[in-house]
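Q: sharing a model prediction with you, sequence too.
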Amino acid sequence: MIAGVIRGCQSAAGTLVAMDAPRSAVPDILAPDLRLVLVGINPGRASAAAAAHFANPRNDFWRLLHASGLTPRELAPGEQHDLLGLGIGITNAALRTTPGSGDLRAADFADASRRLERIAIELRPAVIAFVGKEAYRGAFGDRPALGSQSRTLGDARLFVLPSTSPANAAVPWTERLHWFRELAAFVDEVTGPRAAPSA
C-alpha cells in the first residue's frame, strides 16, 4: 500500500482507490489494474477551486479525451470519477497549486518519480501517459519526444502527449488530437481493445 496516501476504497466494477496526497488540492483518481493513468503537471487555480482535474474551461483535455475515442462522450471535470469505469485514472506530477506551470520549482517534483513508480508497482496500470512534456521532464529530468517512451515504470509503458493547457495554444488542435489518437491506439496495442459497454 502507498503509505499515507490511500484514503479510502469503495466497491465498483473494481476497487476505487482515492490516492490524494495531503499537499494536493485535487485528489488522485486511481484504482488497481487500470488501462491508462494520465499524469498532469500540477493543479491550476481553477482545478484547485473545483477539486477536479483539468477544470479550466479553456483547457482542451476533456474534449480531446472524447474526440480521440478514449471516452464515449465528453465528460465534465466534475464527472472525473466516471473515468474509472472506463479503465482510466488521473494524477499529477507535482502536487502544489500554482497560477501556471511556470511557477513550479524543482523542489515541487522532488518525489514525483518515486511516487509514480509506487503507483505503477502497486496499482499496475498498463500505460502511464504524461499530459505535456513538462510533466515528464519534471518527474524524470529528461526532455522527451512526444509518443511512446523507452523508459518504463514497473510493468507500465509510458507515453507523452502535448499539453492541453490554454498556455500551449501554439500547438494546434489537430496536432494535439493526433497524439491523443496515437495514445488511444497505443493503449489498445498494449492492453487489447476495450469491450463496448453492454446495452
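A: Arrived safely.
Q: and residue 138, which of the three is it?
A: Using DSSP: H, G, I helix; E, B strand; the rest coil, the three-state assignment for residue 138 comes out as helix.
Q: ok, the nearest residue to residue 155 once chain neighbours are set aside to residue 153 distance?
A: Setting aside the residues directly before and after it, residue 155 is nearest to residue 124 in space (CB to CB, 6 or more residues apart in numbering), at 6.8 Å. In this view, the C-beta of every residue, glycine as well, is placed from N, C-alpha and C. For residue 124, the distance to residue 153 under the criterion CB to CB, to the nearest Å works out to 11 Å.
Q: looking at these two, which is more packed in?
A: Legend: neighbour count by other CB atoms under 10 Å for residue 124 and residue 153, higher for residue 153 (20 against 13).
Q: quick one, phi psi at that one?
A: phi -120, psi 110 (degrees, to the nearest 10).
Q: what's the answer for residue 62, then?
A: Backbone torsions for residue 62, taken as degrees, to the nearest 10, come to phi -70, psi -40.
Q: look at it and say how many residues are nearby.
A: When neighbours are defined as other CB under 10 Å, residue 62 has 22 of them.
Q: pretty sure it sits against residue 73.
A: No - under the contact definition of CB atoms under 8 Å, residue 62 does not touch residue 73, with a separation of 10.0 Å.
Q: where do the helices sit along the protein?
A: Using DSSP state H, the helices found in the chain span residues 45-50, 61-67, 112-123, 133-140, 173-191.
Q: out of those helices, flag the one nearest residue 86.
A: Between residue 86 and the helices of the chain, the shortest separation by CB to CB is 9.2 Å, and it involves helix 61-67.
Q: and the contacts of the closest one?
A: Outside of helix 61-67, the residues that reach it under the criterion CB atoms under 8 Å, 6 or more residues apart in numbering are 40, 53-54, 71-77, 88, 131, 164, 176-177, 180.
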